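> What follows is a protein structure lacking sequence information:
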């Protein structure tokens, strides 16, 4: 039965490609047909011998190679076809399982195979769209329950089609990156740091492991938190010696935190972290939750009309490195921030198109501010009176008053603003414009763009030096980090990094820049 179903799957892919796709995409799918046919025969033999046989990590052989090719055709695996079921193949399988509400265990058993065989349309679309290397892999279209023509948005910023595609699966490059020995030397703290506008960034350390970091964030007190999404279901914590201090699982018992309708253990999917001013607490957003009762997860293209599952922030004590509070927020919280006065933790909710305002003393959401399509980056002014939020499905940035929660707008900043940072004096706001490859400097006195600079393809996240003189920007498709002088927005240096740099943070005591590469590593540069 498995073999026959895979034959049907291959035929469906070819039919769909012939009806709806270009000549190039049809050629791509025709090439995939031979692989799928071979995979069909292999699976048929396997099931005749042992119907319960599953493919799992550590396995090797032609069946694994064909599984990798099938996942490639479906848009879930971009590594080399090795025939070995390693951590990267497992992550691709887990991503497919997560997308289809299967048990996320990385084991290709009968249920996973059954669902994989039932996804011909999505697979053909994603395979065809891989022909264009200059854009992100598109997210799945909204489900039938989503009414994107009638979004629940009441602001003066009309929702638009996203001017971007936010990547979901880390594009892993190597199955087994070489583990390098840990350095025992103590980091050098710079008492009188040099003028970094004259210096050059040099690679200090590359950290590997069972990680898929979407972000890396400095605590302000010697710790670095990497959020590894649902691919690893962990937060990994490092010290200044580049040592792994602890791996924090994202598993929680929600009923023990007061949510009695949820029984047993649940998993999250850590995206970003923000720290209280004293560094005592980390607030970590979870893309979605996994477990009974969470049946309608969001995706990278979604709307409030679909009423996706709400998610949670975790509060982690940075001394015990344990999750001690769980706080409900909106659907698919991505970025979060803490106000300098420690009054509020803020979370931008990607799929409910709003901002959650959490009272830190009460550990409770006290306000929900509607913003528009796909809010993401957040920064709070030094006086804690206002928060700026990048609305990535537009060209605008929202200014949220943290006293009365009213909203004003910085209009027409640029295509798909994603990440924000602010200078220490609160005079200038900086925004990565993911859709146009620029970083904008915005004069907050006038609300106008003072200057833009092109840093690379798809600038995603950035960080600013403590003196406000330098920006460090990750360019997702260029696989580079740009060092930008803020006074004139001149790119001073570009350094190459591992595939898919997506998160970045700065340690002011050592003048080191930590870069999270979604492909499975963290790189530390000395400046």
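Structure's in. What do you need? Remember, it's a predicted structure, so these values are computed and weren't measured experimentally.

> okay, CA-based contacts and neighbour counts for the rest of this
Will do.

> and the nearest residue to residue 493 once chain neighbours are set aside, bridged to which residues?
Nearest residue to residue 493 in three dimensions, chain neighbours excluded: residue 483, at 5.2 Å (Cα to Cα, 6 or more residues apart in numbering). Judged by DSSP bridges, the bridge partners of residue 483 are residue 472, residue 493.

> How many residues are close by residue 483?
By other Cα atoms under 10 Å, the residues close to residue 483 number 27.

> do the same with residue 329
Residues lying near residue 329 (other Cα under 10 Å) number 27.

> before we move on, what about residue 340?
18.

> And the helix or strand hosting residue 462, what does it pack against?
Assigned by DSSP states H and E, residue 462 falls within strand 459-464. Contact here means 3 or more Cα pairs under 8 Å, 6 or more residues apart in numbering; DSSP states H and E; on that basis strand 459-464 packs against strand 417-422, strand 428-433, strand 470-475, strand 501-507.

> Give me the sheet partners of the longest one and which way each runs.
Strand 501-507 pairs in its sheet with strand 512-517 (antiparallel), by DSSP bridges.

> mean confidence for the strand it pairs with?
Taken as a whole, strand 512-517 has a mean pLDDT of 98.

> Can you check what angle separates the helix or strand that that strand is followed by from strand 512-517?
Sequence-wise, the next helix or strand downstream of strand 512-517 (DSSP H and E) is strand 521-526. What separates the directions of strand 521-526 and strand 512-517 is an angle of 160 degrees, with axes from the mean of the first three to the mean of the last three Cα atoms, to 10 degrees.

> May I see the buried residues of strand 521-526?
Across strand 521-526, burial judged by 16 or more other Cα atoms under 10 Å covers 521, 522, 523, 524, 525, 526.

> List the beta-bridge partners for the third one.
So that's residue 523. Beta bridges link residue 523 to residue 206, residue 515 when assigned by DSSP bridges.

> check contacts around it.
Counting by Cα atoms under 8 Å, 6 or more residues apart in numbering, residue 523 makes contact with 203, 204, 205, 206, 207, 497, 514, 515, 516, 517.

> Looking at the residues you listed, which one is closest to residue 219?
Distance to residue 219 across the contacts of residue 523 (Cα to Cα) is lowest for residue 514, with 12.3 Å.

> how close does the closest one get to residue 304?
From residue 514 across to residue 304, the span is 35 Å (Cα to Cα, to the nearest Å).

> Kindly report the same for residue 251.
With Cα to Cα as the criterion, residue 251 and residue 304 are 27 Å apart.

> Same drill for those two, tell me which one is more crowded.
Higher neighbour count among residue 251 and residue 304: residue 304, with 24 against 16, using other Cα under 10 Å.

> Identify the residues contacting residue 365.
Applying Cα under 8 Å, 6+ apart to residue 365 gives the contacts 327, 328, 329, 356, 357, 358, 359.

> Swap in 10 Å and give it another go.
327, 328, 329, 330, 344, 345, 346, 347, 356, 357, 358, 359 (Cα atoms under 10 Å, 6 or more residues apart in numbering).

> now residue 255
Neighbouring residues of residue 255 by Cα under 10 Å, 6+ apart: 261, 262, 263, 264, 265, 266.

> Residue 344 touches residue 386, doesn't it?
No: assessed by Cα atoms under 10 Å, residue 344 is found out of contact with residue 386, at 11.2 Å.

> Tell me which of those two has more neighbours.
More crowded of residue 344 and residue 386, by other Cα under 10 Å: residue 344, with 24 against 20.

> ok, now how distant is the more buried one from residue 300?
Residue 344 is 26 Å from residue 300, by Cα to Cα.

> got it, and residue 256?
Remark: distance between residue 256 and residue 300 (Cα to Cα) = 30 Å.

> what does residue 523 give?
With distances taken as Cα to Cα, residue 523 is found 27 Å from residue 300.

> okay, which residue is most central for the protein?
Centroid-nearest residue in the chain, with Cα atoms, centre = their mean: residue 214, separated by 4.4 Å.

> residues in contact with that one?
By Cα under 10 Å, 6+ apart, the residues touching residue 214 are 168, 170, 226-229, 270-272, 500-504, 515-520.

> How about stretch 69-78, which residues are buried there?
Neighbour counts over stretch 69-78 (16+ other Cα under 10 Å) mark 69, 70, 71, 72, 73, 74, 75, 76, 77, 78 as buried.

> one step back: the residue nearest to residue 493 is in contact with residue 494, isn't it?
Yes: counting by Cα under 10 Å, residue 494 is a contact partner of residue 483 at 6.3 Å.

> Find the residues that touch each one of those two.
Shared between the contact lists of residue 483 and residue 494 (criterion: Cα under 10 Å, 6+ apart) are residues 200, 201, 455, 472, 473, 474.

> Any of the contacts of residue 255 buried? List them.
Taking 16+ other Cα under 10 Å as the criterion, what is buried in the contacts of residue 255 is 262, 266.

> Next up, phi/psi of residue 69, please.
Per-residue torsions, residue 69: phi -70, psi -40 (degrees, to the nearest 10).
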